[in-house]
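In: Turn this into a structure:
(2 chains)
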Amino acid sequence: MFQNIGELILLFWRTVQSLPLSWRQRHKIFDQFFEIGNASLLMVCVLSFFIGGVLALLTGPVLVQRGLANSVGGLVGISMCKELAPVMMSILIAGRIGSSMTAEIGSMRVYEEIDALRTMNINPIHYLVLPRLVAIAVALPLLVIFSILVGWGGGALVAATNHQIAVSFQSFFSNLREVVAVKDVANGLFKSFVYALVIGVVSCHQGLQTIGGPRGIGRSVTKSVVNCIVAIVILDYFLTRLLLAMFP
Amino acid sequence: MNEPTLKSNQHLGVSLKVHGLHKSFNGQEVLKGVDVEVRPSEIFVIMGPSGSGKSVLLRHMIGLEEPNAGEVLVEDKSILTPETMEDYRLAMVFQSGGLLNSLTVGENLGLYLTEHRLKPPGEVMRIVAEKLEAVGLKGQEDKLPSELSGGMRKRAAIARALVIEPQLILYDEPTSELDPLSAVVIAEEIVKLNERIQVTSVIVSHDREFAFGVADRMAVIFDGRILAVGTPEEVRSNPDKTIQEFLNVDFHLQKAKSDSKSK
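Out: As a prediction, the model looks like this:
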């Protein structure tokens, strides 16, 4: 495990060192960026809408019973932007995009395509890892912004239409504006940026480590998704503590 | 990273020396002290049965594997130093072709030039078309590697190596999975290329006819050791029992069938 962590840090550091080459790789970065958006936008939309809705549905009646009906907007708002959107979207992207990154790079490794790149003096980190890491580091925070907005919409709709809650759109968003500050949104975006780096590095590393045939690729994909999710959940606790200490 | 440059005075082949190469995988010794010297601009064939360590030796020759002991020198510089890859243009034709499946044939061929920014896009397209024509694949630029037959993929891989204008080119089983006619075409391409740009060619193969047809010199490897090195005639007349067995073994199924029928 420690060897793996060391290799991940090394791969991340080498990719960071190659960042000045990003402009040269801009076409590949755009391709990856649009692939991430294309593959996940609809899923992000559906998932976020229902997460916001369920949150309002579960908390709304309890708050109404205690005479805090108007607080539902703030509760949904802050939960979505500080925790649920960054974590849920990162897990979704790890499954949807991280797995495809591992499968693509893994199959290139198995079928000697990466060896071919090396014999042409083309660095696989510059050619394969850099575009993917930059694209996911930009795309995931943008998807999280989108997820936050859709989640708020879902929560507001449920709060307004559920007869046990019956909080109007106006009072939902008015309370949300009172409770949610810009730093809370920034907090969620920072988390998602860190998770994006984790997904990118873990997925590419696992792809580059692939050995064997199709079974090896399958094993790598499973390992990559599981490792990403475990890393995100563990990191989430420590990042939350750190951010609470820095911005109480 | 210094970008390689395409200079016409660098077309001549380079020498390659392998000294005391040892390699083990999971405790199993695959190369047991290999010494080989390949002269500039010659076609050198490494022949041997499956599992004898030919392909592993070839991968060491282009720096894809790090040896446990010993070294590989290109013009007396270690293959493992980044400068060697930057100073000399080396290419390898993989057994599977090694074409990038997500790119078209044209993009595959132009990859070296575009990634190292050696030529403008229009010039890259012209060079790609020229090299494809040279290997008999004119007009196949827009096809994906998956749309090509095995022989066409091999030829496309050779064309990709040609684009690099290499000083050393390594071929891993270039005639495997090919019908005899395609194998002859590939052999002719290898010899023509060697004559045209005096590239040093190292070929790994277990195809005896092909090996004796193209080689200037050859080596026979068996169980991770080089048993003989020399011209095809010298190797053919080598008295070593293992070499003679490998060179002369043939199918005797018809005889066996007729023997069993007569009984």
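In: Could you pull up the contacting residues of residue A:212?
Out: Going by CB atoms under 8 Å, 6 or more residues apart in numbering or on different chains, residue A:212 touches A:110, A:219. Placement of C-beta: from N, CA and C, glycine included.
In: how much space between it and chain B?
Out: 14 Å (CB to the nearest CB, to the nearest Å).
In: Return the per-residue confidence for that residue.
Out: On the pLDDT scale, residue A:212 is placed at 84.
In: The longest helix along chain A close to chain B?
Out: For chain A, the helix with the greatest residue count under DSSP state H is helix A:26-65. No. Helix A:26-65 does not reach chain B (CB under 8 Å from any CB of the partner chain); its nearest approach is 10.1 Å.
In: Quick check: buried residues in that helix?
Out: The neighbour-count check on helix A:26-65 (16 or more other CB atoms under 10 Å in any protein chain shown) flags A:28-29, A:32-33, A:35-36, A:40, A:44-45, A:47-49, A:51-57, A:59-60, A:63-64 as buried.
In: Report the contact partners of the closest residue to chain A within the stretch 51-200 of chain B.
Out: Nearest residue of the stretch 51-200 of chain B to chain A (CB to the nearest CB) works out as residue B:98 at 3.6 Å. Shown in contact with residue B:98 (CB under 8 Å, 6+ apart): A:111, A:112, A:113, A:115, A:116, B:92, B:157.
In: Ignoring the adjacent residues along the chain, who's closest to the first one?
Out: When you say that, I think you mean residue A:111. residue B:96 (6.1 Å; CB to CB, 6 or more residues apart in numbering or on different chains).
In: The one you found: what's it in contact with?
Out: A:111, A:112, B:153.
In: Generate a PyMOL selection restricted to the buried entries among those.
Out: The PyMOL command for the buried members of those (criterion: 16+ other CB under 10 Å) is given here:
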select buried, (chain A and resi 111+112) or (chain B and resi 153)
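In: Could you single out the nearest of the contacts of residue B:96 to residue A:90?
Out: residue A:111 (30.0 Å; CB to CB).
In: quick one: the residue in chain A that chain B sits nearest to and residue A:233, what's the gap?
Out: Nearest residue of chain A to chain B, counting by CB to the nearest CB: residue A:116, 3.6 Å away. Residue A:116 sits 37 Å away from residue A:233, going by CB to CB, to the nearest Å.
In: ditto for residue A:76
Out: Using CB to CB, we find residue A:76 at a distance of 22 Å from residue A:233.
In: These two - which one has more neighbours?
Out: Shown here are residue A:76 and residue A:233; by other CB atoms under 10 Å in any protein chain shown, residue A:76 has more neighbours (31 against 12).
In: what residues are up against the more buried one?
Out: Counting by CB under 8 Å, 6+ apart, residue A:76 touches A:52, A:55, A:56, A:59, A:151, A:152, A:155, A:156, A:159, A:172, A:176.
In: Neighbours of the residue lying closest to residue B:148 once chain neighbours are set aside, how many?
Out: Once flanking residues are discounted, residue B:148 sits nearest to residue B:156: 6.3 Å by CB to CB, 6+ apart. Neighbour count for residue B:156, taken as other CB under 10 Å: 25.
In: wait, residue B:156 sits on residue B:147?
Out: No. If you go by CB atoms under 8 Å, residue B:156 and residue B:147 don't touch, sitting 10.8 Å apart.
In: Show me what counts as buried in the helix or strand hosting residue B:209.
Out: Element membership for residue B:209, per DSSP states H and E: helix B:208-214. For helix B:208-214, the buried set under the neighbour-count rule, 16+ other CB under 10 Å, comprises B:210, B:211, B:212, B:213, B:214.
In: May I see those residues organised as a markdown table, with pLDDT and distance to chain A added?
Out: Output for these, formatted as a markdown table (pLDDT from 0 to 100; distance: CB to the nearest CB, whole Å):
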| residue | pLDDT | distance to chain A |
| --- | --- | --- |
| B:210 | 89 | 21 |
| B:211 | 91 | 22 |
| B:212 | 91 | 27 |
| B:213 | 90 | 25 |
| B:214 | 92 | 21 |
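In: Can you name the residues of chain B sitting close to chain A?
Out: Counting by CB under 8 Å from any CB, chain B sits next to chain A at B:1, B:4, B:59, B:62-64, B:85-86, B:90-92, B:94-96, B:98-102, B:111-112, B:115-117, B:164.
In: pLDDT wise, what is the closest residue in space to residue A:97 that isn't next to it in sequence at?
Out: Spatially, and ignoring its direct neighbours in sequence, residue A:97 is nearest to residue A:36 (5.3 Å; CB to CB, 6+ apart). Per-residue pLDDT puts residue A:36 at 90.
In: Done for today, thanks.
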